[in-house]
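**Student:** here is the input, now give the coordinates:
(one chain, ligands or ions: 1)
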Amino acid sequence: MILPIYVYGADVLRRVADPIEADSPEVQQLIDDMLETMDGANGIGLAAPQIGRSLRLFVVDLSPLREDLAADGEIAPEGPMVFINAEMIEEEGDLADFEEGCLSIPDLREEVERPSEIHIRYLDRHFREKELRAAGMTARVIQHEYDHIEGILFVDRISSFRRKLLRRRLREMAQGNVEAEYPLHLTAE
Ligand code: ZN
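**Tutor:** As a prediction, the model looks like this:
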């Protein structure tokens, strides 16, 4: 089932999300719904707070970018990845700039600077313990989604100058003055 995406201004996007205590049919259904929602919105990542659930869960699927990334020498993981109760062990390497967007902040892209390599620990959708070291776009998308479960949005990481310029647009968004080509849950409603 495609779920509506919560937009900038929603409290749930600002909460530090809770761990998932145990596997259950509800958790598996939620994962399926999030994958469908991400796909339906042409996203490459989606975190549970974005569909209104304050849980430490996010999904990433770099498949649509795989060919482009390969041309740049990056081998992205194939197919969707599910991260449950993820813990960032380390962010390292050179700082890199990239223009990021977010399904919860439609039509807005801004340069965000992040360390280019990560080391993360998490449970996959079968609750098996995993560790991943990643760089490039894979690292960046995971960092962006990890931020979501910590209550952080990419606009928190842009320069204060840029943030000032966007203040009005973000305020309007929080008031429900926003459109997207996928279903939205508007805070003002
Ligand atoms: Zn996002």
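**Student:** using CSV, list the CA coordinates for the helix or strand that residue 166 is a member of.
**Tutor:** Using DSSP states H and E, the element containing residue 166 is helix 160-174. Only the C-alpha atoms of helix 160-174 are listed here, as CSV (Å, rounded to 0.1, in the frame of the first residue of the first chain):
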residue,chain,number,x,y,z
SER,A,160,22.9,29.6,7.4
PHE,A,161,22.9,31.9,4.4
ARG,A,162,21.1,29.5,2.2
ARG,A,163,18.7,28.6,5.0
LYS,A,164,17.8,32.2,5.4
LEU,A,165,16.9,32.4,1.7
LEU,A,166,14.7,29.4,2.0
ARG,A,167,13.0,30.3,5.3
ARG,A,168,9.8,31.6,3.7
ARG,A,169,9.4,28.7,1.3
LEU,A,170,9.9,26.2,4.2
ARG,A,171,7.4,28.1,6.3
GLU,A,172,4.8,27.9,3.5
MET,A,173,5.5,24.2,3.1
ALA,A,174,4.9,23.7,6.8
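**Student:** show me how far the next helix-or-strand element following it is from its chain's centre.
**Tutor:** Where DSSP H and E defines the elements, the next helix or strand beyond helix 160-174 is strand 184-185. On the basis of C-alpha atoms, centre = their mean, to the nearest Å, strand 184-185 sits 16 Å off its chain's mean C-alpha point.
**Student:** what strands line up against strand 184-185, and which way round?
**Tutor:** With DSSP bridges as the test, strand 184-185 is paired with strand 5-6 (parallel).
**Student:** quick one: the nearest residue to residue 133 once chain neighbours are set aside from residue 12, how far?
**Tutor:** Distances taken as C-beta to C-beta, 6 or more residues apart in numbering put residue 119 closest to residue 133, at 5.0 Å, once the chain neighbours are dropped. Quick note: C-beta positions are derived from backbone N, CA and C, even for glycine. Counting by C-beta to C-beta, to the nearest Å, the gap from residue 119 to residue 12 is 28 Å.
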